[in-house]
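Engineer: Predicted structure and sequence below. I'll ask about it afterward.
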Amino acid sequence: MSIKENINLQELPSHIAIIMDGNGRWAQEQGEDRLFGHLHGVESVRNIVEGAAELGIKYLTLYAFSTENWDRPEYEVTGLMELLVETIKKEVPTLNKNNIKLHVVGATDMLPQNARQELTEAINETDSNTGLQLIMALSYSSRWEILNAVKNIALDAKAGKLNPDSISPELFQQYLATANFPDPELMIRTSGEYRISNFLLYQLAYAELYFTDTRWPDFRKENLYEAIVNYQKRQRRFGKTGEQIDQNKTSTTL
Ligand code: IPE
Ligand code: IPE
Ligand code: MG
């Protein structure tokens, strides 16, 4: 029996976020260059996007390149940017065929001009798709995002467009790069690292975290199913007691 059959389709997380980590080590472990790992990582992206769409997941955020990743050796950054441009170009027809809409969050002004152009085209060409919302975090860091939000709130307050007393969690959320998306219920990190690395610090407040030793280039649909099954076994309490959650469940199902 495939682990897929153990997934309760009525209780899927609506938003899954993934830190796709371990490409470099995966390659180096086989005596290959780190870029070889990134190249194979693209295959995992395809497989996981397809798997999430098939299941009916509504939002999938993939951390593809962090603000801090700009500090890697120049040849790796250049190689990653080339791979990005090539991949977007190639994947647009598949995204359209599967009704997937592409979004990007991050400081995209730091990306090379051709990458920005390919991204804009891909976003426009997939704009009317209503299925999986695929959010690529590119040149993204959570502190960058939060500081931007704070700056824009301050500017709006200064311009008289906003009363500081009206700043609520809902309003703050509207200033984030992820304003249009709900918070992820499940965050997966591959490659055996147990940290957040500046990813969605605000949005992950109550996410269930799932860590696996599998390196990203080896991560496939079955691994995604396993993470979802694991997520579905957990009790999400949001500060309440387990009894309160159980009671609520019985009263809503009766
Ligand atoms: C994740 O894999 C991809 C990016 C950060 C761009 P890494 O490149 O971080 O691989 P490791 O963690 O060094 O193995
Ligand atoms: C996080 O991975 C960023 C991405 C997966 C894009 P890193 O490999 O950059 O994170 P650290 O440096 O190990 O924390
Ligand atoms: Mg890494």
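Structural biologist: In hand now; what should we look at? Ligands and ions are numbered 1, 2, ... in the order given.
Engineer: C-alpha only now, for contacts and for neighbours.
Structural biologist: OK.
Engineer: If you drop the residues flanking it in sequence, what lies closest to A149?
Structural biologist: Closest residue to A149 apart from its sequence neighbours, by Cα to Cα, 6 or more residues apart in numbering: Y175 at 4.9 Å.
Engineer: Kindly list the main-chain dihedrals of the one you found?
Structural biologist: When read as degrees, to the nearest 10, the backbone of Y175 gives phi -90, psi 0.
Engineer: from here on, count from 56
Structural biologist: Done: numbering now begins at 56, and the last item shifts to Y230.
Engineer: and the most centrally placed residue in the chain, helix, strand or coil?
Structural biologist: The chain has T116 as the residue nearest its centroid, 1.9 Å off, counting by Cα atoms, centre = their mean. Under the three-state scheme (DSSP: H, G, I helix; E, B strand; the rest coil), T116 adopts strand.
Engineer: pLDDT score for it?
Structural biologist: pLDDT recorded at T116 is 98.
Engineer: correct me, but it touches L187?
Structural biologist: No. Between T116 and L187 there is no contact under Cα atoms under 8 Å: 10.4 Å.
Engineer: Now do the contacts for M75.
Structural biologist: Neighbouring residues of M75 by Cα atoms under 8 Å, 6 or more residues apart in numbering: L117, Y118, A119, R244, T245, W271.
Engineer: can you put the residues you listed in TSV and add neighbour count and distance to Y265?
Structural biologist: As requested, the contacts of M75 are exported to TSV (neighbours: other Cα atoms under 10 Å; distance: Cα to Cα, whole Å):
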residue	neighbour count	distance to Y265
L117	22	14
Y118	23	15
A119	20	18
R244	24	6
T245	23	9
W271	28	14
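Engineer: what's the neighbour count on Y114?
Structural biologist: A count of nearby residues for Y114, using other Cα atoms under 10 Å, gives 24.
Engineer: give the contact list for it.
Structural biologist: Per Cα under 8 Å, 6+ apart, neighbours of Y114: S69, H70, I71, L187, Q188, L189, I190, F236.
Engineer: does any part of the helix or strand where K206 lies sit near ligand 2?
Structural biologist: Using DSSP states H and E, K206 sits in helix 197-213. No. Helix 197-213 is not in contact with ligand 2 by Cα under 6 Å from any ligand atom; minimum separation 11.2 Å.
Engineer: Using CSV, write out every CA atom in that helix.
Structural biologist: Extracted in CSV, the C-alpha atoms of helix 197-213 (Å, rounded to 0.1, in the frame of the first residue of the first chain):
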residue,chain,number,x,y,z
SER,A,197,12.1,37.1,6.7
ARG,A,198,13.9,39.9,8.4
TRP,A,199,14.0,41.8,5.0
GLU,A,200,10.2,41.2,4.7
ILE,A,201,9.4,42.3,8.2
LEU,A,202,11.6,45.4,8.0
ASN,A,203,10.0,46.3,4.7
ALA,A,204,6.5,46.0,6.3
VAL,A,205,7.5,48.2,9.2
LYS,A,206,9.0,50.8,6.9
ASN,A,207,5.9,50.9,4.7
ILE,A,208,3.6,51.1,7.7
ALA,A,209,5.6,54.0,9.1
LEU,A,210,5.5,55.8,5.7
ASP,A,211,1.7,55.3,5.5
ALA,A,212,1.3,56.6,9.0
LYS,A,213,3.5,59.6,8.3
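Engineer: What average pLDDT does the next helix or strand after it get?
Structural biologist: Past helix 197-213, further along toward the C-terminus, the next helix or strand under DSSP H and E is helix 224-229. Computed over helix 224-229, the mean pLDDT rounds to 97.
Engineer: what does helix 224-229 rub up against?
Structural biologist: With contacts defined as Cα under 8 Å, 6+ apart, helix 224-229 is touched by A204, A234, N235.
Engineer: All set now, cheers.
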